[in-house]
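1. need a structure here:
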Amino acid sequence: MKLTRTRLALRPGYLDCFGHELEQRSGAALVALAEGEPDRSLAKAIELDGQPAWFKGGPLRGRTSVRYGLRRLVGLPLPRMREYRNFLWLGERLFRVPEPLVCGALRRFGLPVYQFLVTRRIADAEPLDSALPRFQPEQRGPLVSELAREVARMHALHFVHHDLFVRNMLVTPPPPGGDDRRLVFIDAWRGGPGYLPRGADYDLACLLLEGAALLTPFEQSLFFREYLAERAVHGAAPDRERLFRAILRRRAALLARIDREPTRWRGPGAPVRDWRPPRD
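-> This is a model prediction of the structure:
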């Protein structure tokens, strides 16, 4: 994929974009979106160069702006740029993710004050956490198996999502061409490929934070059977008991953080606190 840089001069500052080559009018439309809602996060359907797209952007204020401005000096990207790169990486390895089109930042006096990502819009998609309660068992089982296999393949390739909550996956109709997978991974900006301080156990703890209530005991057993089997297929089988102990530690830490910051919990009802890994 050809990646180009587009810089549009503003008063004051400039818009710095990376990705597909932009038409001038599309760049101007992105500026209008960034400047039209400068103080709040925005997620909305747009058209980009005549293509249906999805815009996700938000402001960077005060110390956050300064911190990311300093990180740029040592080559660390903004979150939306990191998400763009992660989607490219995952897509090249045949994971189903939104196709990234362009990412960028509005900069003033050298500091980022707004960042955004534009991806190709995915038709007929809904979040997995809202779809699961409506589905019948014969629909849910294949989705759980697919989720287990794809997460296992991701971890075998040393990619950690870092935000692998059930709400951060979409369900679509099966795509054409014989691929029967229905899940799309989104919000992949926190993690990435390589060896990171938080590993596969953290992803699985995130998944089972909401999944403890959304998935039945049978589905949880199915998930771990498929996950461990797929990791073995890729020559990266973890020790089952050690993995389960690590998941419990990570999950306890996530619950403790929710206790300190209750607004972080976005699941239905209260989180399940006495969850234990399946033993069959």
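2. Quickly find the element holding residue 267.
-> For residue 267, there is no host helix or strand (DSSP states H and E).
3. What is the neighbour count of it?
-> 18 (other Cβ atoms under 10 Å). Every residue, glycine included, has its C-beta placed from N, CA and C.
4. what's the closest non-adjacent residue to it?
-> Nearest residue to residue 267, sequence neighbours excluded (Cβ to Cβ, 6 or more residues apart in numbering): residue 210, at 4.3 Å.
5. just checking, the one you found touches residue 165?
-> Yes - between residue 210 and residue 165 a contact is recorded at 5.6 Å, counting by Cβ atoms under 8 Å.
6. Common neighbours of these two, please.
-> Contact criterion Cβ atoms under 8 Å, 6 or more residues apart in numbering; residues shared by residue 210 and residue 165: residue 129.
7. quick revisit: quick one: classify the residue nearest to residue 267 as helix, strand or coil.
-> helix (DSSP: H, G, I helix; E, B strand; the rest coil).
8. Give me the distance between it and residue 253.
-> 16 Å (Cβ to Cβ, to the nearest Å).
9. The two: which is more packed in?
-> Taking other Cβ under 10 Å, residue 210 and residue 253 do not tie; residue 210 has more neighbours (22 against 12).
10. check contacts around the more buried one.
-> 129, 165-167, 267, 271.
11. mind listing what residue 123 touches?
-> Per Cβ under 8 Å, 6+ apart, neighbours of residue 123: 52, 172.
12. Same question for residue 79.
-> So residue 79 contacts 115, 189-190 (Cβ under 8 Å, 6+ apart).
13. cool, and residue 163?
-> Contacts of residue 163 by Cβ under 8 Å, 6+ apart are 187-191, 206.
14. for residue 44, same thing?
-> 54-55.
15. following the helix or strand hosting it, which helix or strand comes up?
-> Using DSSP H and E, residue 44 sits in strand 42-48. Using DSSP H and E, the helix or strand that follows strand 42-48 in sequence is strand 51-59.
16. Just give the strands next to that next one in its sheet, each with its orientation.
-> strand 42-48 (antiparallel), strand 111-120 (antiparallel) (DSSP bridges).
17. burial count for residue 245?
-> So residue 245, with other Cβ under 10 Å, has 13 neighbours.
18. Can you list which of the contacts of residue 210 are found in strands?
-> Of the contacts of residue 210, none are assigned to strands by DSSP state E.
19. quick check: mean pLDDT across stretch 36-48?
-> Stretch 36-48 carries an average pLDDT of 85.
20. buried set for it?
-> Within stretch 36-48, the residues that qualify as buried are 42, 48, counting by 16 or more other Cβ atoms under 10 Å.
21. quick one: the residue lying closest to residue 151 once chain neighbours are set aside and residue 238, what's the gap?
-> Among residues not flanking residue 151 along the chain, residue 227 sits closest, at 6.4 Å (Cβ to Cβ, 6+ apart). Computed as Cβ to Cβ, the residue 227 to residue 238 distance reads 9 Å.
22. same check, this time on residue 228
-> Distance from residue 228 to residue 238, counting by Cβ to Cβ: 7 Å.
23. And residue 271, by the same measure?
-> On the measure of Cβ to Cβ, residue 271 and residue 238 end up 25 Å apart.
24. Where does pLDDT dip in this protein?
-> 1-3, 11, 22-24 (pLDDT under 70).
25. mind giving me the domain ranges of it?
-> Domain assignment of the chain by automatic domain parsing yields the ranges 4-120, 126-264.
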